[in-house]
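In: Quick check, what structure comes out for this input:
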Amino acid sequence: MLLVLIKAGIIYFVVFFCVRLTGKRQLGEMQPVELIVMLMLADLAAIPISDPSIPFYYGVIPIVALTFFSIIISLIARKSLIARRLISGKSVIVIDKGGINYKNLKKMNLNMHDLIEAIRSSGYPDINTIEYAIFATNGKLCVIEKESDPTKPTPAFLPLILIVDGKYNEHNLQITGLKQREVDVSLRKNGIIDIKEVLYMDVRQDGTAYISSKKDKYFNETLRVQKGW
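Out: Numbers count the residues shown, from 1 in each chain. As a prediction, this is how the structure comes out:
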């Protein structure tokens with residue numbers, strides 16, 4: 001029992017020292033390579049602790065070696081742009097002046113619900129107020145708002161989702177008092193014949209709708225919605 005405690009203490013300080021060497025990033029800010037290293041360090045540290053018959057240096061040596069390799073990779077990525085892109089990838093624009101970039105969403109294996117959740121978690125409940133949204137290499141979402149006139153106060157609206165990936169949200173249609181045929185007419189007026197072409201559509205309490213197609217095109221439309229929601 002005493003041997004296990006001693007081994008656990010030694011490995012703890014070794015892992016602590018190695019983690020400090022690799023940097024002070026929080027878990028949510030790590031690059032994929034850094035996260036893999038942290039998971040492997042935890043796994044290697046558990047091997048000699050879980051089995052008293054295994055010498056503690058069977059875990060210490062791989063931990064130190066892995067830390068050394070991680071530092072070397074970080075130095076290479078810092079010096080070389082090509083290596084940085086291969087190791088960490090590059091930032092991806094998911095919303096631009098053309099609306100929601102459907103191609104980039106597919107490249108990142110994200111759906112509209114993932115994007116909406118990330119946007120709202122960043123403090124932006126209304127997608128229509130966003131000029132650019134960029135996913136950094138660590139998975140964080142960076143949002144740039146559209147310009148607004150500070151002398152004209154804008155009322156706060158809560159957008160309701162009507163269409164996601166070509167499918168209607170029947171519940172929200174009932175809340176807004178809109179009919180599918182009304183929305184279809186509005187879409188056709190803007191050149192969208194088939195609802196399957198719509199990536200995302202929402203509407204606000206003042207009737208302002210935001211529509212983004214799968215062809216990287218977005219526009220605003222005014223609809224007649226019922227009051228009181």
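In: quick one: the strands in this protein?
Out: Along the chain, counting by DSSP state E, strands occupy 92-96, 99-100, 130-135, 141-145, 160-164, 167-168, 198-203, 208-213, 218-222.
In: which parts of the last one are buried?
Out: Neighbour-count burial for strand 218-222, with 16 or more other Cβ atoms under 10 Å as criterion, is recorded at 218-219, 221. For every residue, glycine as well, the C-beta is placed using N, CA and C.
In: now it, how far from the chain's geometric center?
Out: 25 Å (Cα atoms, centre = their mean, to the nearest Å).
In: Could you do the fifth one as well?
Out: Centre-to-centre, strand 160-164 and its host chain are 20 Å apart (Cα atoms, centre = their mean).
In: could I have it exported to CSV, CA atoms only?
Out: Taking Å, rounded to 0.1, in the frame of the first residue of the first chain, the C-alpha atoms of strand 160-164 are listed here in CSV:
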residue,chain,number,x,y,z
LEU,A,160,-37.9,31.7,-33.8
ILE,A,161,-36.5,29.0,-36.2
LEU,A,162,-38.8,28.2,-39.0
ILE,A,163,-36.7,26.1,-41.3
VAL,A,164,-33.5,24.1,-40.8
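In: what domains does the record give for the protein?
Out: 2-87, 92-222 (automatic domain parsing).
In: Out of the ones you listed, which gets the lowest mean score?
Out: Among those, domain 2-87 has the lowest mean pLDDT, at a mean of 78.
In: end-to-end on that domain?
Out: Its first and final residues considered, domain 2-87 spans 42 Å by Cα to Cα, to the nearest Å.
In: And the helices in this structure?
Out: 2-22, 32-50, 57-79, 81-88, 102-107, 112-121, 170-176, 180-189 (DSSP state H).
In: Redo those as CSV? Include mean neighbour count and distance to residue 204.
Out: Output for the helices of the chain, formatted as CSV (neighbours: other Cβ atoms under 10 Å; distance: least, Cβ to Cβ, whole Å):
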stretch, mean neighbour count, distance to residue 204
helix 2-22, 14, 46
helix 32-50, 16, 37
helix 57-79, 15, 43
helix 81-88, 14, 38
helix 102-107, 15, 22
helix 112-121, 16, 15
helix 170-176, 15, 9
helix 180-189, 15, 14
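In: List the contacts of the closest residue to residue 124 other than its chain neighbours.
Out: Spatial nearest neighbour of residue 124, chain neighbours left out: residue 143 (5.5 Å); criterion: Cβ to Cβ, 6 or more residues apart in numbering. Residue 143 makes contact with 119, 122, 124, 130, 132-134, according to Cβ atoms under 8 Å, 6 or more residues apart in numbering.
In: what are the bridge partners for residue 143, then?
Out: Note on residue 143: beta-bridge partners residue 133, judged by DSSP bridges.
In: What separation do you get for it and residue 90?
Out: 18 Å (Cβ to Cβ, to the nearest Å).
In: And residue 169, by the same measure?
Out: Distance of residue 169 to residue 90, given as Cβ to Cβ: 33 Å.
In: higher neighbour count, those two?
Out: Shown here are residue 169 and residue 90; by other Cβ atoms under 10 Å, residue 169 has more neighbours (16 against 11).
In: Was I right to think the more buried one contacts residue 176?
Out: No. Look at residue 169 against residue 176 with Cβ atoms under 8 Å: they stay out of range, at 9.9 Å.
In: Between those two, which contacts overlap?
Out: 160, 162.
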